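# A predicted structure for the sequence below; I have some questions about it.
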Amino acid sequence: MKPAKAKVPRKPVLKKGSQTNLKDPVGVYCRVRPLSFPDQECCVEVVNNTTVQLHTPEGYRLNRNGDYKETQYSFKRVFGTHTTQKELFDVVASPLVDDLIHGKNGLLFTYGVTGSGKTHTMTGSPGYGGLLPRCLNMIFNSIGSFQAKRYVFKSNDRNSMEIQCEVDALLERQKREAMPVPKTPSSKRQADPEFADMINVQEFCKAEDVDEDSVYGVFVSYIEIYNNYIYDLLEEVQFDPIKPKLPQSKILREDKNHNMYVAGCTEVEVKSTEEAFEVFWRGQKKRRIANTHLNRESSRSHSVFSIKLVQAPLDADGDNVLQEKEQITLSQLSLVDLAGSERTNRTKAEGNRLREAGNINQSLMTLRTCMEVLRENQTYGTNKMVPYRDSKLTHLFKNYFDGEGKVRMIVCVNPKAEDYEESLQVMRFAEVTQEVEVARPVDKVICGLTPGRRYRNLPRGGPVGDEPLVTEMTLQSFPPLPPWRLLDINDEETLPKLIETLEKRHHLRQLMTEELNKQCMTFKALLKEFDNSLSNKENYTQEKLNEKEKLISGQKSEIERLEKKNKTLEYKIEILEKTTTIYEEDKRNLQQELESQNQKLQRQLSDKRRLEARLQGMVTETTMKWQKECDRRVAATQLEMQNKLWVKDEKLKQLKAIVTEPKPEKPERPSRERDREKIIQRSVSPSPMPLSSNNIAQISNGQQLMSQPQLQRRSNSCSSISVASCISEWEQKLSPFSTPVNVTSLARHRQQEPGQSKTCMVSDRRRGLYWTEGREMVPTFSSEIGVEDDRCRRGDVFKTRGGGQSVQFTDIETLKQESPTGSRKRRSSTVAPAQPDGTESEWTDVETRCSVAVEMRAGSQLGPGYQHHAQPKRKKP
Ligand code: ADP
Ligand code: MG
C-alpha cells in the first residue's frame with residue numbers, strides 16, 4: 001500500500017483560523033547555580049521566588065569609583081541554588097510537554113554565559129537528568145500504549161509526515177531489519193550505562209487528558225549551529241578518524257505553511273526514552289568528536305534537540321489509524337542549549353576561533369535585536385522588520401515568534417563575582433525578552449469521530465457476570481418453553497407447540513428489536529439534540545471564555561504595563577532622591593561657606609574699624625602736632641619779622657644818624673661795650689631771639705636746605721644794605737680810592753662777568769649766612785620768599801643800576817624813605833646774637849663794610865677763585 005497522499009496543507013485551517021488575538025509573553029525563568037567553591041565571592045542574591053538582585057562585586061565597585069547601581073530583576077520564577085531538576089522540570093518544561101501532546105508547539109532555550117549551567121539544566125549531569133530526558137520520559141509515559149507501529153508515520157523532506165497502513169509499515173520494518181547498517185533501533189534495548197543514570201528518572205510524570213483515540217509517533221532530530229552553519233548531528237556518515245571529512249552544513253527552507261525547517265535533516269523515530277536519549281547521546285558524541293578534530297569550542301555552538309510528535313486518529317472502528325493525511329497533527333518541542341553569551345574578549349579567542357566566537361555572538365546579538373524589535377512593534381504598534389534572517393538561529397525559530405507557540409527561556413546564572421558584568425548583560429536581555437508576546441497556540445481540531453473508539457471494539461475480556469445476567473433477564477421475559485423432549489415417535493404435539501412457542505418468541509423478539517430500534521432512534525435523536533444543545537452551549541461557553549480570556553489578558557497586560565510603569569517610577573524616584581541628597585549636601589556646604597565668609601567679613605570689618613580708630617587717633621595727634629608746629633613757626637616768623645623790623649629800625653636809625661651827623665667830623669669807632677650800652681638804651685624794638693639748637697633739629701632736612709639760599713640772599717641783601725651805608729659813609733669821609741667809580745667799575749665788571757660776580761655774590765651770601773646763622777630762626781618758606789623778594793628787588797636795583805653814585809643814592813634814598821625816623825649813625829653789631837659756641841659774633845659795621853669792599857674789589861680782580869681766599873675771612877671774629 002502506498003502512503004496516503006496529502007491533499008491539503010497540514011494545518012491550513014489551524015494556521016489561518018488560529019489568528020486569535022490571544023498572546024502570552026515569553027516565559028523567562030532564572031536559575032542560579034551554586035558556587036563552585038563556597039569561599040567564592042557571590043554577586044547574585046535570590047530575593048524571592050520571582051526576584052534576583054545583582055550585587056556589585058568589591059573590585060568592580062573600586063574600579064567604577066562608586067559609579068554603579070544595584071538593580072533587581074524580576075522573572076516569572078526564580079530558582080535558587082537548591083532547586084532540583086525535577087522542580088525545574090515541573091514548572092518550566094512539563095507544561096510544554098503537555099502542550100506538545102495536545103498538538104501545540106513549544107520552544108525552550110537556556111541562555112547564559114559558559115559555565116552557568118545551561119547544559120546541566122538542559123541535558124543534565126550524571127545522576128541529575130536534565131529537562132531533555134525528563135521531557136522524553138513524560139512523553140513516553142503519556143503516549144506509551146498509544147504509539148503507532150514503527151514506520152506507520154514517515155517523515156518526508158518537506159517538513160511534514162506521511163502515513164501508511166500497518167501492513168506497509170510491517171513490510172518496511174522487515175526490509176530495514178534485513179539491512180546490515182544501520183540497525184533498526186530497538187525500543188527494548190537497555191540504556192547505555194554512560195547515560196543510564198541521567199534518564200533513570202524516578203518520578204513518574206504523565207500528561208493529563210491524552211487523546212486515547214489517536215496513535216502517536218515520536219521523531220527526534222539534533223542539530224548544531226556553529227559559526228552560523230547548521231550541522232546535522234544525527235546524519236549517518238562514517239567517520240574516518242585518520243582523515244576526517246568536513247561535515248556538510250545544512251540549509252534552511254520554508255515549508256508550505258511558512259514554517260522554517262532544516263532541509264534534509266535526519267529525523268529518527270523513537271519509541272522509548274532510552275532509545276531517544278541514545279540517539280541524542282550519539283549526536284552529542286559526534287559533536288564532541290567534531291569539536292576535538294576540528295579544534296572547535298563546544299561552548300560557542302548552539303545545539304537544538306527537536307522532538308516531533310505526530311498524532312493521527314483511529315478510524316471509526318478503532319482498529320486502524322485513519323489514513324487521512326489532513327487528520328495528522330504535528331507538534332514540535334525544541335530544546336535549545338545556546339552558546340555562551342559572554343563577549344569575545346572574555347574567552348580569549350584568537351584567529352579562526354575569534355571569528356567563530358564573533359559569529360556566535362552575532363547570532364545571539366541577532367536574537368537580542370529580534371527581541372527588541374518585536375517588543376517595540378508590540379508596544380508601540382510599529383511594523384518594523386524583525387531581522388530573523390540575519391542569523392540561522394533566529395531564522396529557524398522565526399515561526400515561534402511570528403506564528404504561535406509557547407516560548408520559554410531559562411536564564412542560567414553563575415553567581416560568582418567574575419561573571420558579574422556578563423550576568424548583567426544576561427539580565428538585560430532577559431528583561432527585554434520578557435516583554436515580547438507570542439501568539440497562544442490553539443487546541444488541535446477534533447476529528448469528528450466518536451470518542452472511545454479504541455476500546456469499543458477491543459475483545460471484551462472483562463469479568464463474566466454482567467452480560468449473562470442481562471440475557472437471563474431477557475429470556476425470563478419471554479414465554480416459557482414447553483417441554484420439548486420427544487419421548488414417543490408418534491408425538492405430534494410437542495413439536496408444533498414448540499414451534500408455536502418459538503414463533504411467538506421470535507415474534508416477540510422482533511417486536512422487541514423493533515422497539516429497541518425505535519427507542520434507539522429516539523435515543524439517538526435525543527442524543528443528537530442533546531449533542532447539538534451541548535455544542536451550542538459549548539460554543540457559547542467558548543465564546544464567553546474567549547471574551548473573558550481576552551479581558552483577563554487585557555487586564556494582565558495592563559497590570560504588567562502598570563507594574564513596569566511603577567518600576568520606572570520607582571527608579572525615577574530613587575534617582576530623584578539621590579539628586580535631592582546631593583543638592584541638600586551642596587546647600588549645606590554653601591551655607592557653611594557663607595557663614596565662614598560672613599565671619600571673615602565681620603572680622604575684617606572690626607579690623608577696619610580698629611584701624612580707622614587708630615588712624616583717627618594718629619590724624620588727631622598729627623594735626624595737633626602740626627598745629628603746634630604751625631603755631632611755633634608762626635611765632636618764630638613773627639619773632640623773625642620783629643627782629644627784621646628791629647634791624648630795619650636800627651638801620652634807619654643809623655642812616656638817620658649818618659644823615660644827621662656833621663660831615664667833616666671823622667667818625668670815631670665806638671667801643672663794643674659802648675655800642676652795646678647804646679643799643680640797649682636806644683632800642684625800643686625787642687631784641688632778636690636766639691634760635692635754640694633744639695628748634696633747628698626739629699626742622700626737616702628739606703626745609704633746612706630750602707632755607708639756605710634764602711638765608712644767603714637775605715644776608716646778601718643785608719650786606720647790600722650794609723654796603724650802601726658803608727659806601728655812603730666812606731663817601732662822606734672822602735676817601736680818594738674808595739670812590740663810587742670803583743663801585744661802578746665793580747658793577748660793570750659784574751655785568752661783564754656774570755660768573756665771577758655770582759661767585760662774589762655767593763661769597764657775600766655765605767657771609768650773610770654766617771652772620772645770620774647764629775640768630776636766624778627756621779623760616780617758613782612763604783614768609784621767607786616774601787621777605788626775600790623784597791630784598792632781592794632791592795638788591796637787583798642795586799646791582800643792575802650799574803651807574804656809580806646815583807645808584808647808591810637811589811638806594812639810600814629809598815632806605816631813607818623807608819625809615820624816615822631813622823637817626824642812628826650805624827648799624828650796631830650787637831644785633832648779631834652770640835654764636836652757639838659762645839664766641840662773639842658781633843662785628844662792627846665798619847669791619848663788615850671793609851671786608852665787603854675788599855672782597856668786592858678782590859673778587860673783581862681775582863675772578864672765580866676768589867671765594868676760596870675770601871672764605872677764611874668770614875670766620876674772622
Ligand atoms: P554551560 O553549559 O552553561 O557552559 P554547564 O552546564 O556545563 O555550563 O555547567 C558547568 C558545571 O557546573 C558543570 O560541571 C555542572 O555540573 C555544574 N553545574 C551547573 N549548574 C549546576 C547546578 N544547578 N547544580 C550543580 N552543579 C551545576
Ligand atoms: Mg554547555
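Arrived safely. Ligands and ions are numbered 1, 2, ... in the order given.

# What ranges does the stretch 51-200 of the chain have for its helices?
For the stretch 51-200 of the chain, applying DSSP state H, counting those that start in this stretch gives helices covering 58-64, 85-88, 94-101, 118-122, 131-143, 166-178, 196-199.

# Figure out which of these is closest to T394.
helix 118-122 (18.1 Å; C-beta to C-beta). (Glycine included, C-beta is placed from N, CA and C.)

# tell me what the closest one is packed against?
strand 106-111, helix 131-143, strand 329-337, strand 406-413 (3 or more C-beta pairs under 8 Å, 6 or more residues apart in numbering; DSSP states H and E).

# need the contact list for the one residue in the chain that gets nearest to ligand 2.
Of all residues in the chain, T119 sits closest to ligand 2, at 3.2 Å by C-beta to the ion. By C-beta atoms under 8 Å, 6 or more residues apart in numbering, the contact set of T119 is 110, 130, 337.

# In this model S303 seems to touch the last one, though I could be wrong.
Read it as D337. Yes: with contact defined as C-beta atoms under 8 Å, D337 reaches S303; the gap is 4.8 Å.

# Run through this protein and note the low-pLDDT ranges.
Within the chain, the set of residues satisfying pLDDT under 70 comprises 1-21, 65-67, 180-190, 239-241, 244, 344-360, 457-477, 662-877.

# How about the residues of it by ligand 2?
Within reach of ligand 2 by C-beta under 5 Å from the ion, the chain has these residues: 118-119.

# again, 8 Å this time
Residues of the chain lying close to ligand 2 (C-beta under 8 Å from the ion) are 114-115, 118-120, 122, 298-299, 337, 340.

# ok, and which of those reach ligand 1?
When C-beta under 6 Å from any ligand atom is applied, the members of the residues of the chain next to ligand 2 adjacent to ligand 1 are 114-115, 118-120, 299, 340.

# Can I have the buried ones of the residues you listed as a ChimeraX selection?
Typed into ChimeraX, the line below selects the buried ones among those, using 16 or more other C-beta atoms under 10 Å:
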select :114,115,118,119,120,299,340
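
# Next, format the ones next to ligand 1 among the residues of the chain next to ligand 2 as JSON lines and append distance to T579.
Listed next are those as JSON lines, based on distance: C-beta to C-beta, whole Å:
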{"residue": "T114", "distance to T579": "39"}
{"residue": "G115", "distance to T579": "39"}
{"residue": "K118", "distance to T579": "40"}
{"residue": "T119", "distance to T579": "45"}
{"residue": "H120", "distance to T579": "44"}
{"residue": "S299", "distance to T579": "43"}
{"residue": "G340", "distance to T579": "39"}
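
# Output the contacting helices and strands for the helix or strand containing M512.
For M512, the element it lies in under DSSP states H and E is helix 494-660. Based on contacts counted as 3+ C-beta pairs under 8 Å, 6+ apart, the elements that helix 494-660 packs against are strand 23-25, helix 693-698, helix 701-733, helix 781-800, helix 804-818.

# Could you check how many residues crowd around the nearest residue to T266 once chain neighbours are set aside?
Among residues not flanking T266 along the chain, L234 sits closest, at 4.1 Å (C-beta to C-beta, 6 or more residues apart in numbering). Counted by other C-beta atoms under 10 Å, the residues lying close to L234 total 18.

# tell me the SS of L234?
Following DSSP: H, G, I helix; E, B strand; the rest coil, L234 is assigned to coil.

# That one: what's it in contact with?
Counting by C-beta under 8 Å, 6+ apart, L234 touches 220-222, 265-266, 268, 279, 282-283, 286.

# One more pass at 7 Å, please.
Neighbour list for L234: 221-222, 266, 268, 279, 282-283 [criterion: C-beta atoms under 7 Å, 6 or more residues apart in numbering].

# Kindly report the same for M122.
Counting by C-beta under 7 Å, 6+ apart, M122 touches 110, 130-132, 335, 337.

# switch to 10 Å and redo it
M122 makes contact with 93, 108-110, 130-133, 135, 303, 305, 335-338, 410, 412, according to C-beta atoms under 10 Å, 6 or more residues apart in numbering.

# again with L330
In this structure, L330 makes contact with 10-11, 103, 105, 153, 155, 159-161, 217, 219, 257, 259, 308-312, 444, judged by C-beta under 10 Å, 6+ apart.

# in the sheet, who's paired with it?
Under the criterion DSSP bridges, L330 forms beta bridges with V310.

# Can you give me the distance of it to ligand 1?
30 Å (C-beta to the nearest ligand atom, to the nearest Å).

# List the beta-bridge partners for S214.
Residues in beta-bridge contact with S214 (DSSP bridges): P313.

# Share the number of residues neighbouring it, please.
Other residues near S214 come to 25 when the count uses other C-beta under 10 Å.

# do K416 as well
Quick note: K416 (other C-beta under 10 Å) scores 20 neighbours.

# Please apply the same query to E58.
11.

# likewise the one 4 residues further on?
One way to gauge burial is a neighbour count; for L62, by other C-beta under 10 Å, it gives 10.

# Report the contact partners of it.
T56.

# Over to E45?
Contact analysis of E45 by C-beta under 10 Å, 6+ apart lists 32, 51-55, 70, 72, 80, 415.

# D168 touches K154, doesn't it?
Yes: counting by C-beta atoms under 10 Å, D168 touches K154, with 9.3 Å between them.

# okay, how far is it across stretch 71-89, tip to tip?
28 Å (C-alpha to C-alpha, to the nearest Å).

# hmm, that stretch touching ligand 1?
No: for stretch 71-89, no contact with ligand 1 is found by C-beta under 6 Å from any ligand atom; the gap never falls below 6.8 Å.

# How about that stretch, which residues are buried there?
Buried residues in stretch 71-89, counted by 16+ other C-beta under 10 Å: 71, 73-80, 83, 85-86, 88-89.

# got the contact list for the closest residue to F109 other than its chain neighbours?
Distances taken as C-beta to C-beta, 6+ apart place V336 nearest to F109, at 3.7 Å, with adjacent residues excluded. Going by C-beta under 10 Å, 6+ apart, V336 touches 107-111, 118, 122, 223, 225, 302-306, 393, 396-397, 409.

# Could you do K384 as well?
Applying C-beta under 10 Å, 6+ apart, the residues near K384 are 372-374, 376-377.

# Point me to the residue of the chain nearest ligand 1.
Going by C-beta to the nearest ligand atom, ligand 1 is nearest to G117 of the chain, at 2.7 Å.

# Contacts only, for that residue.
31-34, 110, 125, 130, 410, 412-414.

# repeat for Y111
Neighbours of Y111 in contact, by C-beta under 10 Å, 6+ apart: 28, 30, 118, 336-341, 364, 367, 409-413, 426, 429-430, 433.

# at 6 Å instead, please
338, 409, 411 (C-beta atoms under 6 Å, 6 or more residues apart in numbering).

# re the thing from before, need the buried ones from the contacts of E45 selected in PyMOL.
Buried members of those, defined by 16+ other C-beta under 10 Å, are picked up in PyMOL with:
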select buried, resi 32+52+54+55+80+415
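
# residues of stretch 254-269 that come out buried?
Residues 257, 259-262, 265-269 are the ones in stretch 254-269 that count as buried (16+ other C-beta under 10 Å).

# Show me the two of those residues that sit farthest apart.
N257 and V268 (22.8 Å).

# Kindly export stretch 481-493 (C-alpha atoms) in CSV.
Extracted in CSV, the C-alpha atoms of stretch 481-493 (Å, rounded to 0.1, in the frame of the first residue of the first chain):
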residue,chain,number,x,y,z
LEU,A,481,-40.7,-23.0,26.5
PRO,A,482,-43.0,-26.1,26.6
PRO,A,483,-41.4,-29.4,27.4
TRP,A,484,-39.6,-30.2,24.2
ARG,A,485,-38.4,-33.8,24.9
LEU,A,486,-39.7,-36.3,22.3
LEU,A,487,-40.3,-39.5,24.2
ASP,A,488,-42.6,-41.0,21.7
ILE,A,489,-42.0,-41.3,18.0
ASN,A,490,-45.7,-40.6,17.2
ASP,A,491,-45.7,-37.5,19.4
GLU,A,492,-47.2,-34.8,17.2
GLU,A,493,-47.9,-32.3,19.8
